[in-house]
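Q: This is the structure alone, sequence omitted:
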């Protein structure tokens, strides 16, 4: 990477980078559903900031993962996947979020799954990437230069029958990198490839910060992940989670305890009953799974106070 200049990490003084060769920019991860974008984001950052499930529509928000290297800082933006499904307010909202995330970015990382045939969703993403990196003549205002990198995921899988099909598209991209998001293989190669195309400038975030999401948002996402993993096909898409209270407390033994009160919102009474389960069994199962992960992540006891409420209009209130 000839134009990746190694040096001391830049510090911010008066809003400018002390190291004139320090790079900083935004890279957005795009792709069809379930290609591993969120898993890749977690591998890039080095910790879990994005929830991961095998279901489409798991990622609903666009949020940042921050990677610092001596050469510069990359702000990664995870996006919902493109999926071909029946039109709905939620689907339209997720597609709008993808397009909004592409405003003002420097690098588009097109994540693909070479174990699956190239389908309609892949073509939708490819068209969007081509439009962003090669805007039509006369676009006003003309966006800043943007490049695309092709990222073939699932390097750890022995059989990738559509690898050659994707590699044949490689000349359309500034670079091609093969990775295993699950095992973190070649992740550093991808980071260095992105740094090559970032502009010189000061860091967006202070050193040490790894994401822009709030603590409450992260707690809600962990709970929502367990809903996806522990309920049937229909339920996750009618539900969301709102954290109402987070409070530091003590156990009876005087140990640190995090109290979290959250509401699981769903769209009708039938789904409310299914989320609660017979005798409250299902919501307790969801709460136990979320609490176990939170306690490991935060190294302290967690008490989850979960309720399931009907809110027919939560999807309509999405921005």
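A: Yes, it's here. In this text the structure is predicted, and so the values were computed from the model without any measurement.

Q: pLDDT-wise, which helix or strand of this structure ranks last?
A: Across the helices and strands of the chain, mean confidence by mean pLDDT, DSSP states H and E is lowest for strand 12-13: a mean of 30.

Q: I'd like to check which residues are in contact with the residue nearest to residue 130 when sequence neighbours are not counted.
A: The spatially closest residue to residue 130, leaving aside those adjacent along the chain, is residue 172, at 7.5 Å (C-beta to C-beta, 6 or more residues apart in numbering). For every residue, glycine as well, the C-beta is placed using N, CA and C. Remark: with contacts taken as C-beta atoms under 8 Å, 6 or more residues apart in numbering, residue 172 is in contact with 130, 148, 150.

Q: what about the helices in the stretch 1-150 of the chain?
A: Defined through DSSP state H, counting those that start in this stretch, the helices belonging to the stretch 1-150 of the chain, from first to last, are 37-45, 89-101, 120-133.

Q: ugh, typo on my part, it should be the stretch 151-300 of the chain
A: Under the criterion DSSP H, counting those that start in this stretch, helices of the stretch 151-300 of the chain are mapped to 163-167, 187-195, 215-230, 269-276, 281-298.

Q: Compare the ones you listed and give me the one nearest residue 75.
A: For the helices of the stretch 151-300 of the chain, the distance to residue 75 is smallest for helix 187-195, at 10.5 Å, taking C-beta to C-beta.

Q: Give me the residues contacting that closest one.
A: Here helix 187-195 makes contact (C-beta under 8 Å, 6+ apart) with 1, 4, 23, 27, 40, 43-44, 67, 69, 71-72, 74, 107, 109, 149, 151, 175, 177, 179, 181.

Q: just to revisit the earlier point, please report how far the residue nearest to residue 130 lies from residue 126.
A: Relative to residue 126, residue 172 is positioned 8 Å away (C-beta to C-beta, to the nearest Å).

Q: how does the protein divide into domains?
A: For the chain, the structural domains run 12-195, 215-310, going by automatic domain parsing.

Q: So how do I select the buried members of the contacts of helix 187-195 in PyMOL?
A: The following PyMOL command selects only the buried members of these, with burial defined by 16 or more other C-beta atoms under 10 Å:
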select buried, resi 4+23+27+40+43+44+67+69+71+72+74+107+109+149+151+175+177+179+181
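
Q: So which of the contacts of helix 187-195 belong to strands?
A: Residues of these located in strands (DSSP state E): 23, 27, 67, 69, 72, 74, 107, 109, 149, 151, 175, 177.

Q: could those be laid out in a markdown table, adding pLDDT and distance to residue 250?
A: Supplementary listing: those in a markdown table, determined by pLDDT from 0 to 100; distance: C-beta to C-beta, whole Å:
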| residue | pLDDT | distance to residue 250 |
| --- | --- | --- |
| 23 | 94 | 46 |
| 27 | 90 | 43 |
| 67 | 95 | 36 |
| 69 | 94 | 40 |
| 72 | 94 | 43 |
| 74 | 95 | 40 |
| 107 | 92 | 47 |
| 109 | 94 | 44 |
| 149 | 96 | 49 |
| 151 | 97 | 46 |
| 175 | 95 | 52 |
| 177 | 97 | 48 |
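
Q: Could you export those residues as CSV, including distance to residue 288?
A: Conversion of those to CSV gives the following (distance: C-beta to C-beta, whole Å):
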residue, distance to residue 288
23, 44
27, 36
67, 33
69, 39
72, 42
74, 36
107, 40
109, 36
149, 40
151, 36
175, 44
177, 39
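
Q: Between these, which sits nearest residue 203?
A: Looking at the ones in strands among the contacts of helix 187-195 and their distance to residue 203, the nearest is residue 72, at 7.7 Å (C-beta to C-beta).

Q: Contact partners for residue 118?
A: For residue 118, the residues meeting the contact criterion (C-beta under 8 Å, 6+ apart) are 162, 165, 166.

Q: which of these are buried?
A: By neighbour count, with 16+ other C-beta under 10 Å, the contacts of residue 118 hold 162, 166 as buried.

Q: Mind putting the contacts of residue 118 into a markdown table with pLDDT and distance to residue 117?
A: A markdown table is the format used below for the contacts of residue 118 (pLDDT from 0 to 100; distance: C-beta to C-beta, whole Å):
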| residue | pLDDT | distance to residue 117 |
| --- | --- | --- |
| 162 | 97 | 6 |
| 165 | 97 | 8 |
| 166 | 97 | 11 |
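
Q: and of the contacts of residue 118, the nearest to residue 280?
A: With C-beta to C-beta as the yardstick, the closest approach to residue 280 among the contacts of residue 118 comes from residue 162, at 45.2 Å.

Q: OK, contacts around that closest one?
A: The contact partners of residue 162, taken as C-beta under 8 Å, 6+ apart, are 114, 115, 116, 117, 118.
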